[in-house]
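*Asks:* need a 3D model of the following:
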Amino acid sequence: MLDSIQIKMQLEFHKYQGTGNDFVMVDNRSEFFPKENIQLIAHLCDRRLGIGGDGLILLENDTIASNLATATDFKMVYYNSDGNQSSMCGNGGRCLVAFAKKLNVIENSTTFIATDGLHHATIGDDGLVSLQMIDVEEVKISPDHVFLNTGSPHHVQLVDDLENYNIKEKGAAIRYGDLYGKAGSNINFVKQIDDTTFSLRTYERGVEDETLSCGTGATAVAIAMNVLGKTDASSIDLNVEGGKLVVSFDKKDGHFTNVFLKGPAEFVFKGTIEI
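*Replies:* Next up, the predicted model:
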């Protein structure tokens, strides 16, 4: 009888968005959140039955920070909207930095750890968050696309009619096709605007749909366009469906270092929900 009793609790959450890429944020420094409950996380991200978001992010204490040469302020744990823990999310990382400032965990600069390693970030007087991404040492060039990992895997492909392109259909076909196997990839479709500006639309793995913005995708597009010779700029403007991002980097011998993703990270609302 007692085994069938389910104890409910009130979960406090904050909602953030970065150029339309939106996330449910939870302060999990006390480690109360049921992290292995995939169905719960998917429910919280559901736009009709839950809070709604492209993903859920836990802010936690970094319990292994003492073993690192660089001190960290917190740990980022990211889940896609399907409830599964996933690889790095650039816009999510920027939003988590803004959330950490709201919680008084940090001031205007931070170092934190995520699934792909250490990240440094700053918050400007204008509220824009600049997040250092991982170095990129390998870019695979194929006749009709480029593949690279910017913390998450990304397929980058130039198309002629980006505005009318069926992102969900075409993206899913590549994501689930033979090219990337069961693991799949995020799929980015790109149009060049001028020498330093590109527009992109992204089909995100784990969301299984187009999102208004993808930070690791914007980073991948900027680097891919440089590698393809579409631009020789080291600071590139990216138009996403939800706004504008800037990606900058240093390039030497085909390696990309000091890669930064910059853009807005805005608080939307907070609330409680019974779980």
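
*Asks:* which non-adjacent residue is nearest residue 210?
*Replies:* Spatial nearest neighbour of residue 210, excluding adjacent residues (CB to CB, 6 or more residues apart in numbering): residue 167 at 4.2 Å. The way it works is simple: take the backbone N, C-alpha and C, and place the C-beta from them, glycine included.

*Asks:* low-scoring stretches of the chain, by residue?
*Replies:* 1-6, 65-69 (pLDDT under 70).

*Asks:* quick one, domains of it?
*Replies:* Domain segmentation of the chain under automatic domain parsing yields 10-133+265-274, 139-261.

*Asks:* dump those domains to CSV, plus mean neighbour count.
*Replies:* Shown next, in CSV, are the domains of the chain (neighbours: other CB atoms under 10 Å):
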stretch, mean neighbour count
domain 10-133+265-274, 18
domain 139-261, 19
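
*Asks:* thinking again about what came up before, and the residue nearest to residue 210, what are its phi and psi?
*Replies:* Dihedral pair for residue 167: phi -60, psi -40, per degrees, to the nearest 10.

*Asks:* before we move on, what about residue 100?
*Replies:* According to degrees, to the nearest 10, residue 100 has phi -60, psi -40.

*Asks:* correct me, but it touches residue 111?
*Replies:* No - counting by CB atoms under 8 Å, residue 100 stays clear of residue 111, with 11.1 Å between them.

*Asks:* now for the residue nearest the centre of the chain: which residues touch it?
*Replies:* Closest residue to the average C-alpha location of the chain: residue 89 at 2.1 Å, with CA atoms, centre = their mean. Residue 89 makes contact with 21, 23, 55, 57, 78, 151, 152, 215, 216, according to CB atoms under 8 Å, 6 or more residues apart in numbering.

*Asks:* ok, residues contacting the helix or strand that contains the second one?
*Replies:* Using DSSP states H and E, residue 23 sits within strand 21-27. Residues lying outside strand 21-27 but in contact with it, judged by CB under 8 Å, 6+ apart, are 11-17, 33, 44-45, 51-59, 89, 91-92, 95-96, 99, 103, 211-215, 242, 268.
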